[in-house]
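Peer 1: Next input, structure requested:
(one chain, ligands or ions: 1)
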Amino acid sequence: MMESSQYIFVDELSSIEEDEPREIYAGNKTIVVGKVDGKVYAVDGICTHAYAELANGDLDGHCLYCPLHFASFDIRDGTVIEGPTDQPLSTYEVIVKDDQVWINMKGASSC
Ligand code: FES
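Peer 2: So this is what the prediction gives:
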């Protein structure tokens, strides 16, 4: 069993669909989780341009699109693919153990 204060349970790996960004709340953080080619990634869920919830946008392959002004980010590392923002998203370590997907809330990294 993983320590719940550091790790947030997302879902079973087989229950997470490709191209369907999912919003996760952890304390005061909003995180978006997405599955690309069978691997799950987690980044900050609020756009770095203005306030928009990225889980309401589209995930097309590794490109996560903001629903408000359509900035795009690489969900694999949080980098900006296309503006209007140039600020990347912080990323979170994703751990898969026994088909269960967890986010490590410690050590969120900005790229
Ligand atoms: S709020 Fe996301 S691009 Fe403007």
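
Peer 1: helices and strands around the strand of greatest length in the chain, which ones?
Peer 2: Taking DSSP state E as the criterion, the chain has its longest strand at strand 100-109. Contacts defined by 3 or more C-beta pairs under 8 Å, 6 or more residues apart in numbering; DSSP states H and E place strand 100-109 against strand 7-12, strand 22-26, strand 29-36, strand 39-44, strand 91-97. For every residue, glycine as well, the C-beta is placed using N, CA and C.

Peer 1: one more time with 6 Å, if that's ok
Peer 2: Where contact means 3 or more C-beta pairs under 6 Å, 6 or more residues apart in numbering; DSSP states H and E, strand 100-109 is packed against strand 7-12, strand 91-97.

Peer 1: buried sites along that strand?
Peer 2: 101, 102, 103, 105, 108 (16 or more other C-beta atoms under 10 Å).

Peer 1: TSV for these, including distance to the ligand and pLDDT?
Peer 2: Shown next, in TSV, are the buried residues of strand 100-109 (distance: C-beta to the nearest ligand atom, whole Å; pLDDT from 0 to 100):
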residue	distance to the ligand	pLDDT
101	26	96
102	27	96
103	22	95
105	23	87
108	19	70
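
Peer 1: residues from the protein in reach of the ligand?
Peer 2: 47, 49, 50, 52, 66, 68, 69, 71, 84, 85 (C-beta under 6 Å from any ligand atom).

Peer 1: of these, buried ones?
Peer 2: For the residues of the chain next to the ligand, a burial check counting by 16+ other C-beta under 10 Å picks out 47, 49, 52, 66, 68, 71, 85.

Peer 1: helix/strand/coil for the fifth one?
Peer 2: So that's residue 68. Of the three states, residue 68 takes coil under DSSP: H, G, I helix; E, B strand; the rest coil.
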